[in-house]
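> Give me the fold of what follows.
(one chain, ligands or ions: 3)
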Amino acid sequence: MRTHVVDHPLVAHKLTALRDETTDSPTFRRLADELVTLLAYEATREVRVDPHDITTPVAPTTGVKLATPKPLVVPILRAGLGMLDGMMRLLPTAEVGFLGMMRNEETLEATTYAERLPEDLAGRQCYVLDPMLATGGTLAAAIRFLTDRGADHITAICLLAAPEGCQRLENDLAGVDVPVTIVTAAMDERLNEKGYIVPGLGDAGDRLYGVVG
Ligand SMILES: O=P(O)(O)OC[C@H]1O[C@H](OP(=O)(O)OP(=O)(O)O)[C@H](O)[C@@H]1O
Ligand SMILES: O=c1cc[nH]c(=O)[nH]1
Ligand SMILES: [Mg+2]
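Ligands and ions are numbered 1, 2, ... in the order given. Sure, this is the predicted structure:
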């Protein structure tokens, strides 16, 4: 597994505003949207392309276009939904699959409550969107869903990551023979006793969409 922390002053600036507890929900949603577009630029560095012949007003030339099958983008509900538009801005022709996953805040175990993915992902590049990589349980399960169906190249875009979650992913995915890359805006210090990222940004889903039950 590779981990890529995007080191860019604009990313750091937007992330600082996102973390700030005084940032309201509309601003939080806008910042998450802008950040994912910046991270997606790095995350799509290995997106597959084919040669493509065109003619400019001056001369014929060969460029590239996205290869077929198109990449699959998978936001993890709920919080990952706040990253979808920002990702699709860069990959407008990608397909989108959905995973609904929720972490039990007592046991910190992730459960899956919704799944809408293509049955066959053989030969597909997948981009998983989830703002928070905390214990890593959610992302490990999501990546398993994709590799079990044949996905052969996986990139997860997370706004924040914790070292404990990255270590767990390394362990859980040790037997997975598929390249996995994590692209994040920051590797934070640690998790607290409740499994929250420190300093983090709090509960991403709640900050995007409000507290539900
Ligand atoms: O790395 P982990 O310890 O598994 O935690 C990370 C998960 O927790 C949050 O989702 P949450 O369960 O709060 O659901 P929500 O998006 O509906 O708020 C977050 O969006 C991740 O999916
Ligand atoms: O810090 C954290 C950890 C898990 N989920 C969140 O939304 N935030
Ligand atoms: Mg949440």
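> For Gly213, give me the pLDDT.
With respect to pLDDT, Gly213 scores 66.
> I should have written Phe98 there, sorry.
98.
> If it is in a bridge, with which residues?
Arg116 (DSSP bridges).
> The protein against ligand 2: which residues are in contact?
132, 134, 195-197, 200, 203-205 (CB under 6 Å from any ligand atom). All C-beta spots, glycine's among them, are computed from the backbone N, C-alpha and C.
> could those residues go into TSV alongside secondary structure and neighbour count?
Listed next are these as TSV, based on DSSP: H, G, I helix; E, B strand; the rest coil; neighbours: other CB atoms under 10 Å:
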residue	secondary structure	neighbour count
Met132	strand	27
Ala134	coil	26
Gly195	coil	18
Tyr196	coil	18
Ile197	strand	29
Gly200	coil	20
Asp203	coil	14
Ala204	helix	25
Gly205	helix	20
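> Where does this structure get nearest to ligand 3, which residue?
Per CB to the ion, Gly205 is where the chain lies closest to ligand 3, at 3.2 Å.
> Spit out the contact partners of that residue.
For Gly205, the contacting residues are 78-79, by CB atoms under 8 Å, 6 or more residues apart in numbering.
> And it, how far from Leu38?
21 Å (CB to CB, to the nearest Å).
> again with Glu21
Glu21 is 22 Å from Leu38, by CB to CB.
> neighbour count winner among these two?
Leu38 (18 against 7; other CB atoms under 10 Å).
> Which secondary structure element is home to that one?
helix 25-43 (DSSP states H and E).
> partners of the helix or strand following that helix, with directions?
Note on helix 25-43: by DSSP H and E, the next helix or strand toward the C-terminus is strand 49-55. For strand 49-55, the paired strands and their directions (DSSP bridges) are strand 60-66 (antiparallel).
> Could you tell me which residues within the strand it pairs with count as buried?
Leu66 (16 or more other CB atoms under 10 Å).
> what's in contact with that strand?
In contact with strand 60-66 (CB under 8 Å, 6+ apart) are residues 47-55, 91, 93.
> picking that back up, if we check ligand 1, which of the residues of the chain next to ligand 2 are in contact?
Near ligand 1, by the rule CB under 6 Å from any ligand atom, you find 132, 134, 195, 203-205 out of the residues of the chain next to ligand 2.
> follow-up on the earlier one: and the contacts of strand 60-66, which two are the farthest apart?
Largest separation among these by CB to CB: Thr55 and Leu91, giving 25.4 Å.
> More neighbours: which of these two?
Leu91 (19 against 8).
> can you confirm that one is in a helix?
No - assigned with DSSP: H, G, I helix; E, B strand; the rest coil, Leu91 falls outside any helix and is coil.
> Begin at 36 from now on, thanks
With the count now opening at 36, the last piece we talked about shows up as Leu126.
> Stretch 46-65: end-to-end distance?
End-to-end distance for stretch 46-65: 13 Å, by CA to CA, to the nearest Å.
> right, I mislabeled it, should have said stretch 145-162
End-to-end for stretch 145-162, by CA to CA: 19 Å.
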